[in-house]
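Chemist: Have a look; sequence and predicted model below, questions after that.
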Amino acid sequence: MPTELAVLVLGAVLLLVHIMLAGQFKTLQYGVEWNAGARDAEMPALNAVAGRLSRAQANFQETFPVAIVALVGVVLAGKTGPVTATAAWVWLAGRVAYLPLYWAGVPYVRSLAWVISTLALVVMLGVLLFR
């Protein structure tokens, strides 16, 4: 399996981690009844940790489609190589680092992890478009 596809699978696992963590902390705040119910009622704002995990999940979900295009795109176009493999791992490392940094409320370093992971996506998209 190409490195880029292996990283994509690991990215999907990371998405599940985001979903499960955010869901667990929402359930801790709102209760099992809320989780099992239709969730129609207005709920109070999430506490700090649940809110950060929910926003981290949303951020990952916003950028994961771009990663899918980049990672699958370089494989389908036959443009994989050391540059795209390295960029794929850098993207994943940045996204893995982002989650605990956001969870803990660490400013700036969290943003740096996001920037690094986004630049890695730009590199892969650049290879896809121009190589």
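Modeler: Sure, I can see it.
Chemist: quick one, helices of the protein?
Modeler: For the chain, the helices defined by DSSP state H cover 3-30, 32-36, 48-76, 82-104, 109-130.
Chemist: so what does the helix or strand of the chain with the lowest mean pLDDT touch, helix or strand wise?
Modeler: Least confident helix or strand, the chain: helix 32-36 with a mean of 89, by mean pLDDT, DSSP states H and E. For helix 32-36, the packing partners by 3 or more CB pairs under 8 Å, 6 or more residues apart in numbering; DSSP states H and E come out as helix 3-30. (Each C-beta comes from the backbone N, C-alpha and C, glycine too.)
Chemist: Determine the number of other residues adjacent to residue 84.
Modeler: 26 (other CB atoms under 10 Å).
Chemist: do residue 56 as well
Modeler: 22.
Chemist: ok, it touching residue 100?
Modeler: No: look at residue 56 against residue 100 with CB atoms under 8 Å: they stay out of range, at 9.3 Å.
Chemist: dump the residue contacts of the closest residue to residue 118 other than its chain neighbours.
Modeler: Counting by CB to CB, 6 or more residues apart in numbering, residue 63 is the residue found nearest to residue 118 once chain neighbours are left out, at 7.0 Å. Contact analysis of residue 63 by CB atoms under 8 Å, 6 or more residues apart in numbering lists 95, 117-118, 121.
Chemist: hmm, which of the residues you listed are the buried ones?
Modeler: Buried by 16 or more other CB atoms under 10 Å: 95, 117-118, 121, out of these.
Chemist: for those residues, which one is nearest residue 84?
Modeler: residue 121 (10.9 Å; CB to CB).
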